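Based on what follows, work out the 3D shape:
(one chain, ligands or ions: 1)
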Amino acid sequence: MSAAIAPLAVPARFARPDFVWGVATASFQIEGSTRADGRLTSIWDTFSATPGKVLHGDTGEPGCDHYRRWESDVELIAALGVDAYRLSIAWPRVLREDGSLNPAGIGFYQRLLDRLGERGVQRYVTLYHWDLPQHLQDRGGWLNRETAYRFADYADRMARALHGRVSAWMTLNEPWCSAFLGHGNGHHAPGLAEPRFATQAMHHLLLGHGLALPALRAADPGAACGIVANVGRGTTDGASDADRDAAHLYEVMHNAWVLDPLFAGRYPADLQRLWPGSEPLVLDGDMAVITRPVDFLGINYYFRSNLRSNGAGRFVDVPLPGVERTQMGWEVYPQGLEDLLRGFKAAYPNLPPVFITENGMASDDRVADGRVDDAQRISYLERHFAAVARAADAGVDVRGYFVWSLMDNFEWAFGYERRFGLVHVDYATQQRTLKNSARAFQAFLAARSR
Ligand code: IFM
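Below is the predicted model of the structure:
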């Protein structure tokens, strides 16, 4: 008999029935079955199989074995009582190399989305959460402009195959990570490390996003369309103008690099102070494509960084001592999310409604007596909900909140060691155990709907 858990404390404005509460995952992080049913190789299969790229040599296998356990996972999602589930489609599962549909792969998502619908769960679907087909990488990947057009074709195919099943499409998840971690510092697939590669990859990603929008709208007119950006708060404990400029440059690099092209139709000039001579090749008309209106902006937020000048016009990260951190080493700083949301509203008059599409924390969670005491996660979430509510009080139009993540999963270069889930996963047995945070979320959701 398990003791009752107090409901998550949620600001009243977010307890209204029209506010969307959800949990999020991504294909490569949970599905496993990387060779099943004609799935092609993705860049993350290649990258994670390369020695030294992922902690402990972890790969997409077994993941959370979700590809085979999807039915019980849907029951888990429904049992939480969330309004919505955010998932991503694995491009290499659903399209063959010639661009035609793989019936087995698309069938998986059709069944999954149908079952979620039957359980009353809204479906928020990301098209690209980093698992590019390897055959496209072999032709240059996001450095090749052609990939943007292939992405739009893929979006078109998905909207036709899944229309009517999706509440909201998200074209890209975190283009900053694909561009910078994948092409600027090599920490993510495909493992390239040149600033000019990062800027060109970013441009082609955003171009692909803009090209995909009309296809999604035409084939699935009932669904909303948006994009998801990860954003970071940068501040300084330094006293000099150079330190303040360092914090500014950090936010240019993390936020404006993505949001300026989308909502102001240009890349931030200050980016060139960081990476002189790395302007991407932008063709006539590209920025008009990139600024095509979206119905919403997804915001993923995790932490704040403390920056100082390196004395040569760059920023260096100088971690603050004595602050609360997560298993990732990331500082817990809810205020940063309020600051950023308010800043975006001020910077972009055309800012669309916002969903927090990811927020959450990793901790070294263990099961004891069938329970997982993750009190820090409960506190983390409650403090971030409050910060977003303050931004909403100040006029930011926030429509929903997705906790990252439904369950522990493959945390990219950190493999399975870092646990972001509301639900604990024992990878040896694939046993799922609701952490106390999941129970508290469930208690809030149940109380809200009464
Ligand atoms: O796990 C990732 C997710 O795939 C993208 N956003 C950040 C999460 C935590 O690092």
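
Contact partners for Leu127?
Ser88, Ile89, Trp91, Phe151, Tyr154, Ala155, Met158, Trp169, Met170, Thr171, Leu172, Ala212 (C-beta atoms under 8 Å, 6 or more residues apart in numbering). C-beta: built from backbone N, CA, C; applies to glycine.

now the strands for the stretch 1-150 of the chain?
Per DSSP state E, counting those that start in this stretch, the stretch 1-150 of the chain carries strands over the ranges 20-24, 84-88, 122-128.

Arrange these in a markdown table, one row each, with mean pLDDT and distance to the ligand as further columns.
Compiled in a markdown table, the strands of the stretch 1-150 of the chain are given as follows (pLDDT from 0 to 100; distance: least, C-beta to the nearest ligand atom, whole Å):
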| stretch | mean pLDDT | distance to the ligand |
| --- | --- | --- |
| strand 20-24 | 98 | 8 |
| strand 84-88 | 99 | 9 |
| strand 122-128 | 99 | 10 |
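
For Val282, give me its contacts.
If you count contacts by C-beta under 8 Å, 6+ apart, Val282 has them with His203, Tyr267.

Assign it to helix, strand or coil.
Assigned with DSSP: H, G, I helix; E, B strand; the rest coil, Val282 falls in the coil class.

how about the residues of the stretch 351-450 of the chain that lie near the ligand?
Neighbours of the ligand within the stretch 351-450 of the chain, by C-beta under 6 Å from any ligand atom: Glu358, Trp404, Glu411, Phe420.

wouldn't the third one be in contact with Arg418 here?
Yes - at 4.1 Å, Glu411 and Arg418 qualify as touching, with contact defined as C-beta atoms under 8 Å.

Need the residues touching each of those two.
Common neighbours of Glu411 and Arg418, using C-beta under 8 Å, 6+ apart, are Ala362.

how about the helices in the stretch 201-350 of the chain?
241-251, 257-264, 271-274, 286-290, 335-347 (DSSP state H, counting those that start in this stretch).

In which helix or strand does Phe197 reside?
Using DSSP states H and E, Phe197 maps to helix 195-219.

which helices and strands sit right next to that helix?
helix 146-162, strand 168-173, helix 175-176, helix 182-183, strand 224-235, helix 257-264, helix 286-290 (3 or more C-beta pairs under 8 Å, 6 or more residues apart in numbering; DSSP states H and E).

Show me what the first one is in contact with.
Right, the one you point to is helix 146-162. Against helix 146-162 from outside (C-beta under 8 Å, 6+ apart): 89, 91, 94-95, 99, 101, 106, 109-110, 113, 125, 127-128, 132, 136, 139-141, 169, 171, 204-205, 207-209, 211-212, 215-216, 218-220, 223.

got it, and stretch 434-441?
With C-beta under 8 Å, 6+ apart, stretch 434-441 has contacts from 2, 5-8, 21, 80, 82, 365, 371-375, 377-378, 381, 403, 421-424, 442.

Out of those residues, which sit inside helices?
Leu80, Ala375, Arg377, Ile378, Leu381, Gln442 (DSSP state H).

Enumerate every residue touching the last one.
Under the criterion of C-beta under 8 Å, 6+ apart, the contact partners of Gln442 comprise Ala79, Leu80, Gly81, Leu434.

In JSON lines, list those along with pLDDT.
Converted to JSON lines, these look like this (pLDDT from 0 to 100):
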{"residue": "Ala79", "pLDDT": "98"}
{"residue": "Leu80", "pLDDT": "98"}
{"residue": "Gly81", "pLDDT": "97"}
{"residue": "Leu434", "pLDDT": "98"}
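
Next, give me the two most distant ones among these.
Comparing all pairs in the contacts of Gln442 by C-beta to C-beta, the longest separation belongs to Gly81 and Leu434, at 11.9 Å.

Compare neighbour counts for the two and give me the winner.
Leu434 (23 against 18; other C-beta atoms under 10 Å).

So which residues of the stretch 301-450 of the chain form strands?
Under DSSP E, counting those that start in this stretch, the stretch 301-450 of the chain gives strands at 315-317, 354-358, 398-404, 423-426, 431-434.

Out of these, indicate the one that is most buried.
strand 354-358 (a mean of 25; mean count of other C-beta atoms under 10 Å).

And that one, what does it pack against?
Applying 3+ C-beta pairs under 8 Å, 6+ apart, one finds that strand 354-358 contacts strand 20-24, strand 224-235, strand 296-309, helix 335-347, strand 398-404.

which parts of the third one are buried?
In this case it means strand 296-309. For strand 296-309, the neighbour count (16 or more other C-beta atoms under 10 Å) marks 296-309 as buried.

for these, which one is nearest the ligand?
Lowest distance from the ligand to the buried residues of strand 296-309 (C-beta to the nearest ligand atom) belongs to Asn300, with 5.1 Å.
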